[in-house]
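K.L.:
My questions are about this predicted structure, shown below with the sequence.
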Protein chains: 2
Amino acid sequence: MTHEDPAAALVDALGRTSFLLTAVLTRLGADNELSLTQLRLLGVLRDRRARVTELADRLGLDKSTMSGLVARAERRGLVERDRNPHDGRVVEISLTAEGERFARRVEQQAREVLTPALDRLPPARQAQLAELLDELLGDPAPSS
Amino acid sequence: MTHEDPAAALVDALGRTSFLLTAVLTRLGADNELSLTQLRLLGVLRDRRARVTELADRLGLDKSTMSGLVARAERRGLVERDRNPHDGRVVEISLTAEGERFARRVEQQAREVLTPALDRLPPARQAQLAELLDELLGDPAPSS
DNA sequence: TGAGATAGTTGGTAATTCCACCTATCTCTC
DNA sequence: GAGAGATAGGTGGAATTACCAACTATCTCA
């Protein structure tokens, strides 16, 4: 598979990157009694509240799956449900204070685990890579 | 979170990229009656055979989980087990012909789904990004 | 040769996930 | 402003995924 096509090469590289990262995050989650999915859920909610269907979309899951996922996270005190006053059908999900602490802690661990591996690249190229990824993602990270 | 630290910015960008890709692959898997994990399993086996423990390591899972995963994939005819003649404890897992066809097909679908999103970047920058990721991953993709 | 290490599996429990349905609420048309 | 259809979320059932603890078989090496 010598990729003459840059898009094909990129898909391949992205896939391998994502798989590797997924393995790391799966283990990191397990250490914190979180499934990869719950970890991704916290990741999405880290910087925005969202309704159930939107969460399902973002995680690539069925909304009924999402329902149960949220229910378990709620039972654990990590997220909370709020009825939308303008539309009685909608349930808004957001992190509780504890969920936020928890998310922040796991995020910090992720940084600690991953940073050494990043030293394979010199800082300038790290910045370049981050920039390219941001450009690819479009939606420029909600920064403070 | 304005990242002065390039490593922190990169971890963040990688995380968001990976989560997005995971959502896409989760859905793509579901369309093919594959869980994300089974899909990752095929991904690992795409270009090498591996023993159970190695697979567990690469996916970030417990080896007992891996055992069942392989058993179900085998029952589906996607992978096969071979006893290692030099070490009777070891079981080598590899794709069957059908598993290979299947993996190739899903891979093709992934390319089709993702390529439009990649056009956000001009080809030159796509190549640049792929190169940076390969450098980050180290182990240079086993190409033919 | 036998003690300990290693590879993989099994069994038990909880979480994850889909699908097919269900209820409640909203929207829009007449 | 009533009723049909669409939409948001949830239930229930079945298979998968995942952990841990314990087990068997095989290997290593002292």
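P.N.:
Perfect, thanks for sending it.
K.L.:
so how far is A:A23 from the nearest residue to A:L10 once chain neighbours are set aside?
P.N.:
With CB to CB, 6 or more residues apart in numbering or on different chains as the criterion, A:L10 has its nearest non-adjacent residue at 4.3 Å, and that residue is B:A130. Using the backbone N, CA and C atoms, a C-beta is placed for each residue, glycine as well. Applying CB to CB, to the nearest Å, the value for B:A130 to A:A23 is 20 Å.
K.L.:
more neighbours, those two?
P.N.:
For B:A130 versus A:A23, neighbours defined as other CB atoms under 10 Å in any protein chain shown are more numerous around B:A130 (24 against 19).
K.L.:
For the helix or strand harbouring that one, buried residues please.
P.N.:
Using DSSP states H and E, B:A130 maps to helix B:123-137. Of the residues in helix B:123-137, those scored as buried under the neighbour-count criterion (16 or more other CB atoms under 10 Å in any protein chain shown) are B:R125, B:Q126, B:A127, B:Q128, B:L129, B:A130, B:E131, B:L132, B:L133, B:D134, B:L136.
K.L.:
low-scoring pLDDT stretches of chain A, where are they?
P.N.:
Using pLDDT under 70 as the threshold, the predicted model of chain A has low-confidence ranges A:1-4, A:139-144.
K.L.:
Enumerate the residues of chain A near DNA strand C.
P.N.:
Counting by CB under 7 Å from any atom of the strand, the positions of chain A adjacent to DNA strand C are A:35, A:37-38, A:60-62, A:64-65, A:68-69, A:72, A:86-89.
K.L.:
what about 10 Å?
P.N.:
Contact residues of chain A with respect to DNA strand C, defined by CB under 10 Å from any atom of the strand, are listed as A:29, A:33-41, A:56, A:59-73, A:75-76, A:83-90.
K.L.:
Summarise which helices and strands the longest helix along chain A is packed against.
P.N.:
Residue-count comparison of every helix in chain A, with assignments taken from DSSP state H, identifies helix A:6-31 as the longest. In this structure, helix A:6-31 packs against helix A:36-45, helix A:97-118, helix B:6-31, helix B:36-45, helix B:52-59, helix B:97-118, helix B:123-137, with contacts taken as 3 or more CB pairs under 8 Å, 6 or more residues apart in numbering or on different chains; DSSP states H and E.
K.L.:
residues touching the nearest residue to A:V79 once chain neighbours are set aside, list them.
P.N.:
The shortest distance from A:V79 to any residue other than its chain neighbours is 4.6 Å, reached at A:A73 (CB to CB, 6+ apart). For A:A73, the contacting residues are A:Q38, A:L41, A:L42, A:V79, A:G99, taking CB atoms under 8 Å, 6 or more residues apart in numbering or on different chains as the criterion.
K.L.:
what about A:A73, distance to chain B?
P.N.:
Using CB to the nearest CB, to the nearest Å, we find A:A73 at a distance of 16 Å from chain B.
K.L.:
wait, is that residue part of a helix?
P.N.:
Yes - membership of A:A73 in a helix is supported by DSSP: H, G, I helix; E, B strand; the rest coil.
K.L.:
what's around A:L78, how many residues?
P.N.:
By other CB under 10 Å, the burial measure for A:L78, its neighbour count, is 22.
K.L.:
check contacts around it.
P.N.:
Listed by CB under 8 Å, 6+ apart, the contact partners of A:L78 are A:Q38, A:L42, A:L95, A:T96, A:E98, A:G99, A:F102.
K.L.:
Of those residues, which is the nearest to DNA strand C?
P.N.:
Top of the list for closeness to DNA strand C, among these and by CB to the nearest atom of the strand, is A:Q38 at 4.5 Å.
K.L.:
surely the closest one meets A:V70?
P.N.:
No - distance between A:Q38 and A:V70: 9.9 Å, which falls outside the contact criterion (CB atoms under 8 Å).
K.L.:
how about the residue lying closest to A:L20 once chain neighbours are set aside, what does it touch?
P.N.:
By the measure of CB to CB, 6+ apart, the closest residue to A:L20 outside its immediate chain neighbours is B:L137, 6.8 Å from it. By CB under 8 Å, 6+ apart, the contact set of B:L137 is A:A13, A:R16, A:T17, A:L20.
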